[in-house]
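Peer 1: all I have is the shape, not the residue letters:
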Ligand code: MG
């Protein structure tokens, strides 16, 4: 089924690939017992992971520890390959807030065994993304945002995207050189510290403060 990203000005764009970056904030890398990698560590989520604003995160019964990770999401507006950091802003259609929902227990096991994170990061409903703020709103510059995430009205994560170790321009450039970029691609740019467990019945609220917000319900998903 085709999925669409909705812009705050009414436009819509068909969702393409979903990329994500690991360990892009120092304090989060520390809370995970790791450090900033020498080269960006990129993983992917399938489009079936996408959830729009007001949707539901389904907790699969094969995990006992599902975590929220609030992140700035970059939406790509045109195809490109081998994009330089200086040109990166011309390929960005807009900005959104997303939650990189993670099966932390499965991820820890995969890390230990040297296996990929496909299930831990890409399961059904693991990629909620808000409506998209058009890039034109920022006069062609790449802005910084303040990220906030609350669970049941309690603040769990709060940080500026200024603290990213690799900038939006660096990530767009890097991913374009490895994978190429398509119109409709999304890039989750990494989470700040404060990740934690979510449970059935929780209400998750995330925002790019002053711009756009995302609300999700959490339910158990029994696979039988
Ligand atoms: Mg993440």
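Peer 2: Ah, there it is. Note that the structure is predicted; figures quoted are calculated from it, not measured.

Peer 1: where do the helices sit along this structure?
Peer 2: In the chain, the helices defined using DSSP state H lie at 26-31, 104-113, 118-122, 168-178.

Peer 1: I'd like these laid out as TSV, including distance to residue 198.
Peer 2: Backbone N, C-alpha and C define where each C-beta goes, glycine included. Formatted as TSV, the helices of the chain follow (distance: least, C-beta to C-beta, whole Å):
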stretch	distance to residue 198
helix 26-31	16
helix 104-113	10
helix 118-122	15
helix 168-178	26
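
Peer 1: which one of those lies closest to residue 94?
Peer 2: Ranking the helices of the chain by distance to residue 94, with C-beta to C-beta as the measure, places helix 168-178 first at 11.9 Å.

Peer 1: quick one: is that closest one near the ion?
Peer 2: No - under the criterion of C-beta under 5 Å from the ion, helix 168-178 makes no contact with the ion; the nearest approach is 12.5 Å.

Peer 1: in space, what's closest to residue 103 - neighbours in sequence excluded?
Peer 2: Residue nearest to residue 103 in three dimensions, not counting chain neighbours: residue 63, with 4.0 Å by C-beta to C-beta, 6 or more residues apart in numbering.

Peer 1: residue 105 is in contact with the one you found, correct?
Peer 2: Yes - in this structure, residue 63 is within contact of residue 105 by C-beta atoms under 8 Å, at 5.7 Å.

Peer 1: picking that back up, which of the helices of the chain has the lowest mean pLDDT?
Peer 2: Taking the average pLDDT of each of those, the minimum falls on helix 26-31, with a mean of 93.

Peer 1: ok so, going back, can you tell which of the helices of the chain is closest to residue 55?
Peer 2: Of the helices of the chain, the one closest to residue 55 (C-beta to C-beta) turns out to be helix 118-122, at 16.6 Å.

Peer 1: I'd like the helices of the chain as TSV, with mean neighbour count appended.
Peer 2: Converted to TSV, the helices of the chain look like this (neighbours: other C-beta atoms under 10 Å):
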stretch	mean neighbour count
helix 26-31	16
helix 104-113	15
helix 118-122	20
helix 168-178	20
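
Peer 1: nearest residue to the middle of the protein?
Peer 2: When the chain is reduced to its mean C-alpha position, the nearest residue by C-alpha atoms, centre = their mean turns out to be residue 188, at 3.2 Å.

Peer 1: is any residue of the lowest-mean-pLDDT helix or strand in the chain near the ion?
Peer 2: Comparing helices and strands within the chain by mean pLDDT, DSSP states H and E singles out helix 26-31 as the least confident, with a mean of 93. No - in terms of C-beta under 5 Å from the ion, no part of helix 26-31 sits within range of the ion; the closest distance is 8.1 Å.
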